[in-house]
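# okay, sequence plus prediction incoming.
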Amino acid sequence: DTEVTQTPKHLVMGMTNKKSLKCEQHMGHRAMYWYKQKAKKPPELMFVYSYEKLSINESVPSRFSPECPNSSLLNLHLHALQPEDSALYLCASSPSLAGGRSEQFFGPGTRLTVL
Amino acid sequence: LAKTTQPISMDSYEGQEVNITCSHNNIATNDYITWYQQFPSQGPRFIIQGYKTKVTNEVASLFIPADRKSSTLSLPRVSLSDTAVYYCLVGDQFSGGYQKVTFGIGTKLQVIP
């Protein structure tokens, strides 16, 4: 299985809602990532997990809360989001935290709309 | 801080070879160069990675000159399905023991029938 899966595919939420995005991989990868991508812009790194521990938080607002329950799962909990948080949220994994040397495998993304 | 510069867009006719050049003047000695492809509303997909000289796989070639300040992704005989955004990445600064990689602006390739 060489796939990263993300659920849901689409999500519409109000600014007072609490929702979660889920990501799963069964490739035995030990590094997992969350990216945010606005329309016509490149992906922007949000969080990096290595061996289920948070390695990097790119100064993301606290209304985004990542969680890594085990080596195969990565969640992104959303609360009190703003309309400007509407974007494609991408999850990725890589065999290791080798930075520029490590190929990242991306999921299809969750298209989030905040009303 | 290694920053990449690529053309914003390119057009090519079907069947032609396409070369996309990326500049990375501040690339560090141990940095690799990686290219990803992204279709609309999909996650990026790894294409190729190299350190120096030439690398070839089943979908593309990557040419890296000796000074490594630039690289060229070569797509042979493109088809309409190659219409996508192509990102060139090199290593960025270290943070938390991890060398970040930052996506540049990307090159939007439009293949014309």
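Yep, it's here. Residues are numbered from 1 along each chain as shown, chains lettered A, B, ... in the order given.
# ok, residue A:105 touching residue A:26?
No: using C-beta atoms under 8 Å, residue A:105 is not in contact with residue A:26; the gap is 11.1 Å. For every residue, glycine as well, the C-beta is placed using N, CA and C.
# those two: which is more packed in?
Neighbours were tallied for residue A:105 and for residue A:26 using other C-beta atoms under 10 Å in any protein chain shown; the higher tally belongs to residue A:105 (22 against 13).
# name the residues contacting each of residue A:105 and residue A:26.
residue A:3 (C-beta atoms under 8 Å, 6 or more residues apart in numbering or on different chains).
# around chain A, pick out the residues from chain B.
Contact residues, chain B versus chain A (C-beta under 8 Å from any C-beta of the partner chain): B:31-32, B:34, B:41-46, B:49, B:87, B:89-92, B:94-106.
# narrow the residues you listed to those that are buried.
B:31-32, B:34, B:43-46, B:49, B:87, B:89-92, B:98-106 (16 or more other C-beta atoms under 10 Å in any protein chain shown).
# please give me every residue in contact with the residue nearest in space to the middle of chain A.
Geometric centre of chain A, nearest residue: residue A:34, 2.8 Å, by C-alpha atoms, centre = their mean. For residue A:34, the contact set (C-beta under 8 Å, 6+ apart) comprises A:23, A:45, A:46, A:47, A:66, A:74, A:76, A:89, A:90, A:91.
# hang on, it in a strand?
Yes: with DSSP: H, G, I helix; E, B strand; the rest coil as the criterion, residue A:34 is assigned to a strand.
# so it bridges to which residues?
Beta bridges link residue A:34 to residue A:47, residue A:91, judged by DSSP bridges.
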